[in-house]
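**Q** Return atomic coordinates for the entry below.
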Amino acid sequence: MRFPDRARVLAALPSAWYGWVGFGILLVIAMVVVGGGLGALLYPLVGTLIGMDLALLSMLRTGFMDGAFYALIWAPGASIVLCIAGAYEKKRPSTGSGGESA
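**A** Purely as a prediction, here's the structure:
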């Protein structure tokens, strides 16, 4: 599948190994923050539905910590895979026909 902005995205990716390391660390941080945010939103919602006796701030804090922890379990592996796939796509020669080979 071809995307119209593929060349622009590939040009924005790092070229050197230290750029990929930094990009990978940023991906891990972003995934952990998003996981914490989702946990902070979902924990009070589900906690209220099941009748937990915790204060809202306590549920928000617990949800953020749990969500960030679960995201931290998956984030390094996902970041490594995404960085390797991105480096491969950046190094791969592009075909001029615009189609994919069978």
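**Q** So which bits of the lengthiest helix in the chain are buried?
**A** In the chain, taking DSSP state H as the definition, the longest helix is helix 56-91. Going by neighbour count (16 or more other Cβ atoms under 10 Å), the buried part of helix 56-91 is 59-60, 62-64, 66-68, 71, 75, 79, 83, 86-87. For the C-beta atoms, the positions are set from N, CA and C on the backbone; glycine is no exception.
**Q** any idea of the mean pLDDT for that helix?
**A** Helix 56-91 carries an average pLDDT of 92.
**Q** Quick check: buried residues in the stretch of helix or strand Val33 belongs to?
**A** Val33 is part of helix 17-50, with elements assigned from DSSP states H and E. By neighbour count on 16+ other Cβ under 10 Å, the buried set for helix 17-50 is 20, 23-24, 27-28, 31-32, 35-36, 38-40, 43-44, 47.
**Q** rewinding a little: export the buried residues of helix 56-91 to CSV and tack on distance to Asp5?
**A** CSV is the format used below for the buried residues of helix 56-91 (distance: Cβ to Cβ, whole Å):
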residue, distance to Asp5
Met59, 40
Leu60, 37
Thr62, 40
Gly63, 35
Phe64, 34
Asp66, 36
Gly67, 31
Ala68, 31
Ala71, 27
Ala75, 25
Ser79, 22
Cys83, 20
Gly86, 15
Ala87, 19
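**Q** Go through those and say which is closest to Ala11.
**A** Comparing the buried residues of helix 56-91 against Ala11 with Cβ to Cβ places Gly86 closest, at 11.9 Å.
**Q** Not counting sequence-adjacent ones, nearest residue to the closest one?
**A** Leu13 (5.2 Å; Cβ to Cβ, 6 or more residues apart in numbering).
**Q** Report the contact partners of the one you found.
**A** Counting by Cβ atoms under 8 Å, 6 or more residues apart in numbering, Leu13 touches Phe23, Gly86, Ala87, Glu89, Lys90.
**Q** how much space is there between the residue most central in space within the chain and Pro76?
**A** Centroid-nearest residue in the chain: Met31, 4.2 Å away (criterion: Cα atoms, centre = their mean). Distance, Met31 to Pro76, by Cβ to Cβ, to the nearest Å: 9 Å.
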